[in-house]
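Asks: model this:
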Amino acid sequence: MRLGQSTSNGPVLDSLKRLFLSTLSLCPTVLPDIKPEYWNHIVNEDCMLHFFTELDYLRSETAAISRKNLLCVFRNPDMHPTATQVPEGFEFMDTTC
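Replies: Predicted coordinates for the structure are as follows:
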């Protein structure tokens, strides 16, 4: 599903960034503390320390938490992810402008 289209790549992308950032502020992480063992499983850049790179690891760490939402993000993919790359239970939404 395509969310929108812009010839300048600005307005739609800016809106998505605002939506994403507001979601982060309204829905705090369910794992607020960064444990030492997380370092091999998280994104170590650009203040993204609460973003995990391994879904199975994240699921194991949050298994005991009943009320949670999970967002899967493909950052700057070279091509549309294949069905085998998109985790089961997720829907890929193309936000390319």
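
Asks: Touching, Asp94 and His80? I think so.
Replies: Yes: under the criterion of CB atoms under 8 Å, Asp94 makes contact with His80 at 6.7 Å. Using the backbone N, CA and C atoms, a C-beta is placed for each residue, glycine as well.

Asks: can you give me the helices in this structure?
Replies: 11-26, 55-62 (DSSP state H).

Asks: if I look at the nearest residue to Val43 once chain neighbours are set aside, how far off is Lys68?
Replies: Excluding its sequence neighbours, the residue lying closest to Val43 (CB to CB, 6 or more residues apart in numbering) is Phe51, at 4.3 Å. The gap separating Phe51 from Lys68 is 15 Å, by CB to CB, to the nearest Å.

Asks: domains in this structure, as residue ranges please.
Replies: Here the domain assignment for the chain is 1-28, 31-91, based on automatic domain parsing.

Asks: Any idea which of the ones you listed has the lowest pLDDT on average?
Replies: The minimum mean pLDDT among those belongs to domain 1-28 (a mean of 54).

Asks: and Gly89, backbone torsions?
Replies: Backbone torsions of Gly89, given as degrees, to the nearest 10, read phi 90, psi 0.

Asks: need the contact list for it.
Replies: With contacts defined as CB atoms under 8 Å, 6 or more residues apart in numbering, Gly89 has no neighbours.

Asks: swap in Phe90?
Replies: So Phe90 contacts Cys72 (CB under 8 Å, 6+ apart).

Asks: begin at 33 from here
Replies: All set: I'll call the first residue 33, so the last point we hit is now Phe122.

Asks: Look up how far Ile66 lies from it.
Replies: From Phe122 to Ile66 the distance is 24 Å (CB to CB).
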